[in-house]
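> I would like to see how this sequence folds:
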Amino acid sequence: MTALALWAFTGSDYPDKARICEKAAKFVAGFAQEDGGIYKLPQVQGSGGLSTYNTAICMTALHGYDPKKYAPIS
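Numbering: from 1, shown residues only. Presented below is the predicted three-dimensional model:
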């Protein structure tokens, strides 16, 4: 859900956009896995089991926010 909000904020002109996007991007990037996916581990409650979908949304959001900074994981 955070990645969807990040994606929306990247195209907005919200006054506090920079702070919000940086915090959201850092949170999303924290779920990057060794297999290249970006998702919660299955053992974590609320992971949803949609790793492919979650990775796609997270990669899109991170690339939209700062493609250079997040290129290594997206």
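> What is the lengthiest helix in the chain packed up against?
Longest helix in the chain, counting residues (DSSP state H): helix 51-65. If contacts are counted by 3 or more Cβ pairs under 8 Å, 6 or more residues apart in numbering; DSSP states H and E, helix 51-65 sits against helix 2-10, helix 17-29. Where you see a C-beta, it was placed from the backbone N, CA and C, and this is true even at glycine.
> where in the chain is pLDDT low?
42-49, 74 (pLDDT under 70).
> Secondary structure element for the residue of the chain positioned farthest from its centre, which one?
Distance to the chain centre peaks in the chain at Pro15, reaching 20.7 Å (criterion: Cα atoms, centre = their mean). Using DSSP states H and E, Pro15 sits within no helix or strand.
> For it, give its distance to Asn54.
The spacing between Pro15 and Asn54, counted by Cβ to Cβ, to the nearest Å, is 29 Å.
> Check Gly30 too.
Applying Cβ to Cβ to Gly30 and Asn54 gives a distance of 13 Å.
> higher neighbour count, these two?
Per other Cβ atoms under 10 Å, whichever of Gly30 and Asn54 has more neighbours is Asn54, with 20 against 8.
> That one reaches Leu41, doesn't it?
No: counting by Cβ atoms under 8 Å, Asn54 stays clear of Leu41, with 11.6 Å between them.
> For stretch 34-44, C-alpha coordinates in CSV please.
Below are the C-alpha coordinates for stretch 34-44, written out as CSV (Å, rounded to 0.1, in the frame of the first residue of the first chain):
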residue,chain,number,x,y,z
GLU,A,34,17.9,-11.3,-2.2
ASP,A,35,15.9,-12.9,-5.1
GLY,A,36,15.3,-9.4,-6.6
GLY,A,37,11.7,-9.1,-5.3
ILE,A,38,10.4,-6.4,-3.1
TYR,A,39,7.9,-7.9,-0.7
LYS,A,40,7.3,-9.1,2.9
LEU,A,41,8.6,-12.5,3.7
PRO,A,42,5.8,-15.1,3.9
GLN,A,43,6.4,-15.6,7.7
VAL,A,44,5.4,-12.0,8.3
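> mind checking how far it is from the chain centre?
Relative to its chain's centre, stretch 34-44 lies at 12 Å (Cα atoms, centre = their mean, to the nearest Å).
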